[in-house]
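Student: let's see this in three dimensions:
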Amino acid sequence: MLAVVGLLFPGSPTEAIVVNLVAGLIEAPLLFLGAWRLSRRGENGRRMVIGAGIAASVHGASIIVQVFFLGGPVDWVLIAIVFGLVSAGTAAGAVAAAAHPDTGRWCAGGAGAR
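Tutor: Numbering: from 1, shown residues only. Predicted coordinates for the structure are as follows:
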């Protein structure tokens, strides 16, 4: 999202756009792989969801801050704010669910029943 805004407005900081693109390309597969491993009751999947979810949550929240530095039309700013809030909230929810003690017990209880 931020990359699109940055391409439309040439005065935007290129470094922030590149960092956001790379972070998004890393976070999404890690969350997917962690969720897959967690669905198979793997403790390593739980840790992967927690780690990648924290990174994705911080990244989603940072989009809101960065869009104020980029500026642009009001509709783009609103889209970036909504996207940042939704992505940060979703990632925070995944972290909360994976870090819950019941999830740890569920993983430990099914280690031998794969």
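Student: residue contacts, A52?
Tutor: E27, L30, L31, G34 (Cβ atoms under 8 Å, 6 or more residues apart in numbering). Placement of C-beta: from N, CA and C, glycine included.
Student: mind doing that once more with 10 Å?
Tutor: When contacts are counted by Cβ atoms under 10 Å, 6 or more residues apart in numbering, A52 touches 26-35, 91, 94-95, 98.
Student: quick one: the helices in the protein, in order.
Tutor: Using DSSP state H, the helices of the chain run over residues 2-8, 14-39, 43-70, 74-99, 101-109.
Student: reformat the contacts of A52 as CSV; add neighbour count and pLDDT.
Tutor: Shown next, in CSV, are the contacts of A52 (neighbours: other Cβ atoms under 10 Å; pLDDT from 0 to 100):
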residue, neighbour count, pLDDT
I26, 14, 88
E27, 22, 89
A28, 12, 88
P29, 10, 92
L30, 16, 92
L31, 20, 92
F32, 13, 93
L33, 15, 95
G34, 23, 94
A35, 17, 93
A91, 23, 92
A94, 21, 94
V95, 19, 95
A98, 22, 95
